[in-house]
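Student: only the shape, not the letters, is given here:
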């Protein structure tokens, strides 16, 4: 059959259009139109990456090498290598917090998922990985469009040790096992499963280690020396980082500002070279938190000269400086004999290997080149953001089954509170420009007629002058939804909280509106950290309490879906909610996890604190009921000792043997638990199995 000439010409025209649009942006390096670059071995994809890296390093001058050790790496024009900004963020969506991402033009925004503490409440590792996959799709698309990098300094996997910490919202919570699972899952989603050790994007687990204080009682993160026992370091603080490297195979780890036991983390060879690199076998680079190398000299006065600081950091295992310090002082350290050029070469090899695994030296034939603007903010991505918010909402109280609300009985709903029509508050910190917002007011308006009053604004709620209007709205409505809580003005990076109560006059607002309401009252809390709402638990007028965390761009829709029963909440708290008086017993600077009765120290997190709580770790209700039956479980666990030998670390006690350095990580515990939904609604249930020992 003959081909239509017009159709043939049209096809050729479309191919030409794709050639000029899909590859219009020159590659990062190894541009085949550059007659020099195309002959260089480091540009040959047929060679092993190790050999390509060695060839490239051998062609660089000392000055060129040093200029590549900082986040805004300089170009090497004579070799056809462009400058590169290493600092990009993707905590819960592509973010423009770092200088590596620019929104605008074909990329006005990106999907903004719930803050990490909220998705952690789902206890759903497949969700965490799916979010990572979407974020990396959008990151690659933006890289192809020339507005983003491929190295993302996320996730934050520090342990949420103290409820006052402003950055607890960025973490998966207080439990090391959950944090480790989140870390590995999200990293796998971000980095992909490309063949040949290639990377979709390069993730970074931060902030290593024992970092969870920003500013408290005059102490800031730049001057803080975290005094941590070896047991707490191994059993709590380092657990998520090890999982990142060993299970997630993360491409990068970021060291933190603080010192640990008197040594800056970014200059501690035991933490970096011996642990991350040698024990955990990191295949990637180690980067400082921004200006950390400068901090250890200028603020902590750890070294006598800036050259000593540069040498100490690089020799300890640091590869990349977020900041200018290494660019300024590394050459001086080499000239003075404090550092060898081979040390710089080792750092460069780690950096360049990651870039080559990303395809940045492959010329125009880079992986994932098919992704473009149409792959950002897709309906599927936005639906996943909604689903993540739904799964993260936690039902804390539901007296007399006040929830779900009814569209027939509750036709008019008063929506009240400083977060009732929130936008930016819903996405938390380290967020980008979202695709769109659905506020709580907008979400509830899809189900019922609404009467809206903020009562006070912003969340600091400094005045009660508008409370009368809020009370009147509650009197007129069939039901009242109070949306209160915190925001980045109360908790964030560099801002830890002084207390756990609602800010300003919010508690008064809640109590007065609840008293005035003629219908059921639902309290919806937005926050990253826990809030002492004991007053609300004890108020008979407040029928239900929901915690929504910071639920992302679709948070308002998810809240409304839960309120009206379209979705049955299944989230569980990933952190303990302490009473306000707990704070007087635990200085934020005390890093000890275990309780110590000898000094009236109550311990931290559900693992070691056994005192009163507002709501416990793992708590969360449902609109339905579940029956759990342990069908099969072991009565004892056998620990094989065939490979163990008595040594100075071994104590023989009759029929028992205690081996202080024996790891139990490889032990398996098999259980068969039957779960039956015996209620009237479909629902999800997270099963938590805990183990304990008698040792301290």
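Tutor: In hand now; what should we look at? Everything quoted here is computed from the prediction, not taken from an experiment. Residues are numbered from 1 along each chain as shown.
Student: packing partners of the biggest helix by length in the chain?
Tutor: The longest helix of the chain (DSSP state H) is helix 125-144. Counting contacts by 3 or more C-beta pairs under 8 Å, 6 or more residues apart in numbering; DSSP states H and E, helix 125-144 packs against helix 116-120, helix 176-191, helix 379-392. Yep, even glycine has a C-beta here, placed from its N, CA and C like the rest.
Student: now it: buried residues?
Tutor: 125, 127-144 (16 or more other C-beta atoms under 10 Å).
Student: about what we covered before: and of the helices and strands packed on helix 125-144, who's closest to residue 582?
Tutor: Comparing those by their distance to residue 582 (C-beta to C-beta), the top pick is helix 116-120, with 18.8 Å.
Student: please name every helix or strand in contact with the closest one.
Tutor: helix 125-144, helix 176-191, helix 379-392.
Student: is it possible to export the ones you listed to TSV including distance to residue 79?
Tutor: As requested, those are exported to TSV (distance: least, C-beta to C-beta, whole Å):
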stretch	distance to residue 79
helix 125-144	21
helix 176-191	27
helix 379-392	38
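Student: would you turn these into TSV with mean pLDDT and distance to residue 74?
Tutor: Shown next, in TSV, are those (pLDDT from 0 to 100; distance: least, C-beta to C-beta, whole Å):
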stretch	mean pLDDT	distance to residue 74
helix 125-144	98	20
helix 176-191	98	26
helix 379-392	99	35
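Student: so which of those is nearest residue 505?
Tutor: That would be helix 379-392 among the helices and strands packed on helix 116-120, by C-beta to C-beta, at 28.1 Å.
Student: tell me the buried residues in the closest one?
Tutor: Buried positions in helix 379-392, judged by neighbour count with 16+ other C-beta under 10 Å: 381, 382, 384, 385, 386, 387, 388, 389, 390, 391, 392.
Student: any idea how far the residue lying closest to residue 600 once chain neighbours are set aside is from residue 592?
Tutor: Once flanking residues are discounted, residue 600 sits nearest to residue 585: 6.7 Å by C-beta to C-beta, 6 or more residues apart in numbering. Using C-beta to C-beta, to the nearest Å, we find residue 585 at a distance of 12 Å from residue 592.
Student: and those two? which has more neighbours close in?
Tutor: residue 592 (18 against 15; other C-beta atoms under 10 Å).
Student: beta partners of residue 151?
Tutor: Per DSSP bridges, the residues bridged to residue 151 are residue 202.
Student: so where's the chain uncertain?
Tutor: 1-26, 635-667, 693-696 (pLDDT under 70).
Student: quickly list the domain ranges of it.
Tutor: The chain breaks down into these domains under automatic domain parsing: 11-362, 385-572.
Student: ends of the last one, how far apart?
Tutor: With C-alpha to C-alpha, to the nearest Å applied, domain 385-572 spans 18 Å between its terminal residues.
Student: for stretch 512-529, same thing?
Tutor: End-to-end span of stretch 512-529 (C-alpha to C-alpha): 24 Å.
Student: how about that stretch: buried residues?
Tutor: Those would be 512-514, 516-517, 519-529, for stretch 512-529 by 16+ other C-beta under 10 Å.
Student: equivalent analysis for stretch 165-184, please.
Tutor: Neighbour-count burial for stretch 165-184 [16+ other C-beta under 10 Å]: 165-176, 178-184.
Student: ok, now stretch 475-491?
Tutor: 477-488, 490-491.
Student: ditto for stretch 75-88
Tutor: 75, 76, 79, 80, 81, 84, 86, 87, 88.
Student: hang on, residue 484 in a strand?
Tutor: Yes - per DSSP: H, G, I helix; E, B strand; the rest coil, residue 484 lies within a strand segment.
Student: off-centre distance for the helix or strand where residue 673 lies?
Tutor: Assigned by DSSP states H and E, residue 673 belongs to strand 672-677. Centroid separation for strand 672-677 versus its chain: 31 Å, with C-alpha atoms, centre = their mean, to the nearest Å.
Student: count the neighbours of the residue lying closest to residue 88 once chain neighbours are set aside for me.
Tutor: Leaving aside its chain neighbours, residue 88 sits nearest to residue 100 (3.4 Å; criterion: C-beta to C-beta, 6+ apart). Neighbours of residue 100 under the rule other C-beta under 10 Å: 26.
Student: before we move on, back to that, from the chain's centroid, how far away is the longest helix of the chain?
Tutor: Here the centre of helix 125-144 is set off from its chain's centre by 13 Å, with C-alpha atoms, centre = their mean.
Student: angle of that helix against helix 379-392?
Tutor: Helix 125-144 and helix 379-392 meet at an angle of 140 degrees, taking axes from the mean of the first three to the mean of the last three C-alpha atoms, to 10 degrees as the criterion.
Student: what angle do helix 125-144 and helix 176-191 make?
Tutor: Helix 125-144 runs at 30 degrees relative to helix 176-191, counting by the same axes, to 10 degrees.
Student: which ones are touching residue 604?
Tutor: 161, 162, 174, 586, 592, 593 (C-beta atoms under 8 Å, 6 or more residues apart in numbering).
Student: one more time with 10 Å
Tutor: Shown in contact with residue 604 (C-beta atoms under 10 Å, 6 or more residues apart in numbering): 159-163, 174, 232, 236, 576, 578, 582, 586, 590-595.
Student: again, but for residue 27
Tutor: Neighbouring residues of residue 27 by C-beta under 10 Å, 6+ apart: 33-34, 37, 43, 80, 82, 359-366, 369.
Student: how about 6 Å then?
Tutor: By C-beta atoms under 6 Å, 6 or more residues apart in numbering, residue 27 lies in contact with 363, 364.
Student: surely it is in a helix?
Tutor: No - with three-state DSSP as the criterion, residue 27 is located in coil rather than a helix.
Student: could you measure from it over to residue 542?
Tutor: Distance from residue 27 to residue 542, by C-beta to C-beta: 59 Å.
Student: what do you get for residue 440?
Tutor: In terms of C-beta to C-beta, residue 440 sits 17 Å off from residue 542.
Student: who has more neighbours, the two?
Tutor: Using other C-beta under 10 Å as the criterion, residue 440 and residue 542 rank with residue 440 on top: 29 against 26.
Student: was I right about that one contacting residue 481?
Tutor: No - using C-beta atoms under 6 Å, residue 440 is not in contact with residue 481, being 7.4 Å away.
Student: follow-up on the earlier one: possible to save the helices and strands packed on helix 125-144 as CSV with distance to residue 433?
Tutor: Shown next, in CSV, are the helices and strands packed on helix 125-144 (distance: least, C-beta to C-beta, whole Å):
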stretch, distance to residue 433
helix 116-120, 19
helix 176-191, 20
helix 379-392, 14
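Student: looking at these, spot the one closest to residue 501.
Tutor: Residue 501 lies closest, by C-beta to C-beta, to one member of those: helix 116-120, at 19.0 Å.
Student: cool, thanks, signing off.
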